[in-house]
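Asker: my questions are about this predicted structure, shown below with the sequence.
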Amino acid sequence: MLDAVHYPLALVAEPRDGHLSLRFTHDPDRVDRLTVAVLAHRFEALLRTFVTDPGRPIARIGLLSDREAERIAALNATDHPLPDPDATLASLFAAQASRTPDAPAVVYEGTTLTYAELDRRAEALARRLRARGAGPEEFVAVAVPRSAELMVALLGVHKAGAAYLPVDLDYPADRIAFMLADSGARTVVTTAGDAGRLPGVPGLDTVLVDREEEVPDAPRTEAPRAEAGPDHPAYLIYTSGSTGRPKGVAVTHRAIVNRLAWMQAEYGLTADDRVLQKTPASFDVSVWEFFWAPTTGAAVVLARPDGHRDPGYLAGLIRAERITTLHFVPSMLAAFVQALAAAPGGPDWAATLRRVFCSGEALTGPDARGWAELTSRPGRGPVPLHNLYGPTEAAVDVTHFPYEGGDGPAVPIGRPVWNTRLHVLDPFLRPVPDGVPGELYLAGVQLARGYHGRHGLTAERFVADPFGAPGTRMYRTGDLVRRRADGAVEYLGRTDRQVKIRGNRVEPGEIETALAGLPGVARAAVVVRDGALVGYAVPAPGAPAPDAGALRDALAGALPAPLVPSAVVVLDALPLTPSGKLDQNALPSPSTAPGRRARAPRRPRTRPVRGLHRRPRHPGHRRRRRLLRARRRQPHLDRRRDRGP
């Protein structure tokens, strides 16, 4: 008989009166009684199924008890009425501007716009956009660097009734052109200084946000004002695509308004709050950074372009502008903590901070503890840190968890926000018990419409919700999670190849498609090593081995910076497993450090030629080197010819 002294949990089987008695024994210091009781109940249910339905496959035996199902339903009971069910981002801002017209709304590099000024400039832009046909179900591209003009552009698009498509001017021209064409955008808002950075797209009308005096040459009759409703799209953001084609995610006003309403109820901005906006507009976290403050009476402070990468600049901006609220991608949080931990003067820069949010990547316990240690102040404790989670396909964030210390390896992603349901399911779409890994599915009001113009992909990822009302959907995230006993959800990884690099969602398949499409490349693979992307290329049959550095340069011209591998390695062939799949463990490490330009590996030599890389000692060194190269190509040459003077 097994002894619980040697095993924290053991199943003991004993014959008794012609029957087999089963009981669990456990070490109470290592396994609590409730856990054992739950396991025993599940094991009993498993045995009963074996007896009553012996032909059922093991994989199709459900272990969720009725009590657990009721508990999950209670955790998903998040229905909450919105203050205004018909609200849009434009209507929320207009209402706030009428309440506090003289309050500061936008601060950027010493310039402040009040709510009234921002409303006036956005309305003027909206009139110009409506005259060009902008309205509900239309996408207007916004190619404006982070500035006060960017806020004017975003609100102007919404006031016109349209949805905005953020365009990062640092993206390669081909990608920008694809986004503009795929979205069907007919108008782009930019500045006079940035208009020349846009690729030429036939039929695209350009509106300069920093030229208010610009009006049509001939008088026009302004189109009737079209108001967007809650079910019209608010924005369209493109993400990496596994097939090599970026996909646009269209999110409605109803979805993002629910997200902001929950956030305001949970954390409560006031007129004294100042939210730092530093996330690029092409990343969906920027949406709440842009619109939470202007719809609640607070002020949004915009960091200068690329300032989000400079910890010293951010700390100074937080101090100077009295920032109370900001966001970090976990990898950037770690870099910020590391940089500021060595800075003199202590955490005086954090004196006004009230709350900090993390999302975009898994938040590790060490990073959270590092933040707590960095910002701890006598008598006040650390600045509160909140972990959020959500894909672009579900209006930014759908779960939340307040970090309260602890020594765990990771911070949970938490519990659902208003009007959102979380389902942790097995491959047969059945709920799994607590502690059992499963794929996370999301349901509720915050789901995106789907992928713009990609009906097949939308049907594949947005599936019917068997737990909701008829006609409702749930989104298959591809994230592997498990639910804890306290109801909080823990993130475990991915069920597919998707990865996060510095908060950017990356599909290696998109990079592989681009790499394999370059001249001279037959096959390609992309993997993550030590937190960096590494590409591997196999030359086309009969073609010379391409230069690895040239391949990386070509990718940099075709892909956004987060998708460009830190190194490219050229191989004769990709290593395969016995089943014919890529053997990632057998891929060699790149010969260059992450971040440096990858070069083609040198071919091995059986007899090294000495002296070629030494500093020449005589004026005939160039002639000697030419002769040595010729001798390697034609070994029969007279060796006496390579003698120097």
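Answerer: Done, it's in.

Asker: next secondary structure after the longest strand anywhere in the chain?
Answerer: The longest strand of the chain (DSSP state E) is strand 473-483. Going down the chain from strand 473-483, the next helix or strand is strand 489-494, by DSSP states H and E.

Asker: so which bits of that next one are buried?
Answerer: For strand 489-494, a neighbour-count test (16 or more other C-beta atoms under 10 Å) marks 489-491 as buried. Backbone N, C-alpha and C define where each C-beta goes, glycine included.

Asker: I figured Ser21 hits Leu11, correct?
Answerer: No: with contact defined as C-beta atoms under 8 Å, Ser21 does not reach Leu11; the gap is 11.1 Å.

Asker: higher neighbour count, those two?
Answerer: Between Ser21 and Leu11, counted using other C-beta atoms under 10 Å, Leu11 has the larger neighbour count: 13 against 10.

Asker: touching, that one and Leu20? I think so.
Answerer: No: under the criterion of C-beta under 8 Å, Leu11 makes no contact with Leu20, lying 11.5 Å away.

Asker: one step back: partner strands of the longest strand of the chain and their direction?
Answerer: Strand pairing for strand 473-483, determined by DSSP bridges: strand 438-444 (antiparallel), strand 462-464 (antiparallel), strand 489-494 (antiparallel).

Asker: mind listing residues that contact the second one?
Answerer: Residues external to strand 462-464 that are found in contact with it (C-beta atoms under 8 Å, 6 or more residues apart in numbering): 393, 441, 447, 450, 472-476.

Asker: find me the pLDDT at Leu47, would you?
Answerer: Leu47 carries a pLDDT value of 82.

Asker: centre of the chain to the helix or strand hosting it, how far?
Answerer: Following DSSP H and E, one finds Leu47 within helix 33-52. Distance, stretch centre to chain centre, for helix 33-52: 39 Å (C-alpha atoms, centre = their mean, to the nearest Å).

Asker: what's that helix packed up against?
Answerer: Using 3 or more C-beta pairs under 8 Å, 6 or more residues apart in numbering; DSSP states H and E as the contact test, the elements touching helix 33-52 are strand 9-16, strand 19-26.

Asker: those into a markdown table, with extra columns for distance to Leu180?
Answerer: Converted to a markdown table, those look like this (distance: least, C-beta to C-beta, whole Å):
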| stretch | distance to Leu180 |
| --- | --- |
| strand 9-16 | 59 |
| strand 19-26 | 62 |
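
Asker: so which of the ones you listed is nearest Thr295?
Answerer: Of all the helices and strands packed on helix 33-52, strand 9-16 sits nearest to Thr295, with 51.9 Å by C-beta to C-beta.

Asker: tell me the mean pLDDT over the closest one?
Answerer: Mean predicted lDDT for strand 9-16 stands at 85.

Asker: what packs against it?
Answerer: Short answer (3+ C-beta pairs under 8 Å, 6+ apart): strand 9-16 packs on strand 19-26, helix 33-52.

Asker: format the strands paired with strand 473-483 as a markdown table; extra columns: mean pLDDT and distance to Leu574.
Answerer: Output for the strands paired with strand 473-483, formatted as a markdown table (pLDDT from 0 to 100; distance: least, C-beta to C-beta, whole Å):
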| stretch | mean pLDDT | distance to Leu574 |
| --- | --- | --- |
| strand 438-444 | 96 | 29 |
| strand 462-464 | 97 | 33 |
| strand 489-494 | 90 | 22 |
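
Asker: can you add distance to Pro378 and give the ones you listed back as a markdown table?
Answerer: A markdown table is the format used below for the strands paired with strand 473-483 (distance: least, C-beta to C-beta, whole Å):
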| stretch | distance to Pro378 |
| --- | --- |
| strand 438-444 | 41 |
| strand 462-464 | 50 |
| strand 489-494 | 33 |
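
Asker: any chance of the backbone angles for the nearest residue to Thr49 once chain neighbours are set aside?
Answerer: Computed as C-beta to C-beta, 6 or more residues apart in numbering, the closest residue to Thr49 that is not its neighbour in sequence is Ile61, at 5.0 Å. Main-chain torsions, Ile61, degrees, to the nearest 10: phi -90, psi 120.

Asker: and for Ile61, the neighbour number?
Answerer: By other C-beta under 10 Å, the residues close to Ile61 number 14.

Asker: could you report the separation of it from Val38?
Answerer: Taking C-beta to C-beta, to the nearest Å as the measure, Ile61 falls 16 Å from Val38.

Asker: repeat for Met474
Answerer: Taking C-beta to C-beta as the measure, Met474 falls 26 Å from Val38.

Asker: poorly predicted segments of the protein, please.
Answerer: Confidence mapping of the chain against pLDDT under 70 gives the ranges 1-7, 213-226, 242-244, 344-346, 577-581, 591-645.

Asker: returning to that earlier point: if I look at the residue nearest to Thr49, how far off is Leu440?
Answerer: Distance from Ile61 to Leu440, by C-beta to C-beta: 22 Å.

Asker: Val301 now?
Answerer: 34 Å.

Asker: before we move on, back to that, between the helices and strands packed on strand 9-16, which one is nearest to Glu460?
Answerer: helix 33-52 (31.6 Å).
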